[in-house]
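Colleague: Just a sequence and a predicted model for now, questions to come.
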Amino acid sequence: MRFSFGGQTLDTDRRELRRADQLVTLEPQVFDLLVYLIENRAHVVSKDDLITAVWDGRIISESTLTSRINAARRAVGDDGERQGLIRTITRKGFRFVATIHAEERNWPSADLETSLSRPDRPSIAVLPFVNMSGEAEQEYFSDGISEDLITALSKLRWFFVIARNSSFVYKGQAVRLSQIAAELGVRYVVEGSVRRSGDRVRITAQLNDVANGSHLWAERYDRHARISRVGDPILHGFAMM
């Protein structure tokens, strides 16, 4: 779905916000908050509604919610004084008040077996692993897992592996695997997530055959971690592939 308002376009499929064709950088939580406000613009959204939708009901501080609201306002060129787009309703919540034009995005269908020109080796793309910790400083760690997988697979001569710069284009975007396969010319896609809680790290990964929509392999890894310096987790006994 694409929402247009005040010279800006928010695309929920690509997870992009553009202002006058310029891409606006958004943290995932800020993007989700903005989408929720826009999709529920017909009524006032309470703080509890936002916490349930964006943080899955986890307990967060008032300052955290306020900072995300302020970030969403800055992203769309609004502020707390003007409130031309995101309005605070005293003791009630928030409401997106701009006039919006909504447009459904229709992706063209394609027969992956006939439309993709693939090499004579199994072709694989490793997508950026999703940081599920909600901590920005852990982004480098989840990206590192993806990069290590790309490097390891590239050393196996019987695989054709898409380069990091191509697969990382989809970082932070909600894109169908069939679309990714069509754009990169691959049959197999590896995706996963990284979640850290205290001294525990959980990494999940799965291999998808996009041609028939099946999961060929999936695994979950739980390991202890220690910190060598701020934000630098070191895993003990972790080995993949």
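Modeller: In hand now; what should we look at?

Colleague: Can you tell me the centre-most residue of this structure?
Modeller: Central residue of the chain (CA atoms, centre = their mean): Gly172, 2.9 Å from the mean position.

Colleague: And the pLDDT for that one?
Modeller: Reading off the confidence values, Gly172 has pLDDT 83.

Colleague: I'd say it and Arg15 touch.
Modeller: Yes - here Gly172 reaches Arg15: they are 5.6 Å apart, a contact under CB atoms under 8 Å. The way it works is simple: take the backbone N, C-alpha and C, and place the C-beta from them, glycine included.

Colleague: Now for the two: what residues contact both?
Modeller: Pro28, Phe31 (CB atoms under 8 Å, 6 or more residues apart in numbering).

Colleague: Now do the contacts for the closest residue to Ala181 other than its chain neighbours.
Modeller: Among residues not flanking Ala181 along the chain, Val210 sits closest, at 4.0 Å (CB to CB, 6 or more residues apart in numbering). Contacts for Val210 (CB under 8 Å, 6+ apart) come out as Leu112, Leu177, Ser178, Ile180, Ala181, Val186, Arg187, Tyr188, Val189.

Colleague: Now the two most distant members of these.
Modeller: With distances taken as CB to CB, the most widely separated pair in the contacts of Val210 is Ser178 and Tyr188, at 12.7 Å.

Colleague: Just want to know which of the two has more residues nearby.
Modeller: Tyr188 (21 against 16; other CB atoms under 10 Å).

Colleague: what bridges to the more buried one?
Modeller: Beta-bridge partners for Tyr188, by DSSP bridges, are Ile124, Asp209.

Colleague: Now do the contacts for it.
Modeller: With CB under 8 Å, 6+ apart, Tyr188 has these contacts: Pro122, Ser123, Ile124, Ala125, Leu207, Asn208, Asp209, Val210, Leu216.

Colleague: Could you single out the nearest of these to Gly6?
Modeller: Ala125 (35.8 Å).

Colleague: wait, is Val169 part of a helix?
Modeller: Yes - residue assignment for Val169, taken from DSSP: H, G, I helix; E, B strand; the rest coil, places it within a helix.

Colleague: how far away is it from Asn212?
Modeller: According to CB to CB, to the nearest Å, Val169 and Asn212 sit 25 Å apart.

Colleague: Output the below-cut-off pLDDT ranges for this structure.
Modeller: 105-120, 225-241 (pLDDT under 70).

Colleague: Can you give the domain ranges for the chain?
Modeller: Structurally, the chain divides into domains by automatic domain parsing as follows: 2-103, 112-235.

Colleague: From Val130, how far off is Arg196?
Modeller: Using CB to CB, Arg196 is found at 12 Å from Val130.

Colleague: With Leu156 instead?
Modeller: Counting by CB to CB, the gap from Leu156 to Val130 is 25 Å.

Colleague: Which one's more surrounded, the two?
Modeller: Val130 (18 against 12).

Colleague: which residues touch the more buried one?
Modeller: Contacts of Val130 (CB under 8 Å, 6+ apart): Ser142, Glu191, Gly192, Ser193, Val194.

Colleague: What's the biggest helix in this structure, counting residues?
Modeller: Criterion DSSP state H: the longest helix present in the chain is helix 139-154.

Colleague: what ranges do the strands span in this protein?
Modeller: 2-5, 8-11, 16-19, 22-24, 86-89, 93-96, 101-103, 123-126, 130-131, 160-161, 188-197, 200-209, 214-229, 232-235 (DSSP state E).
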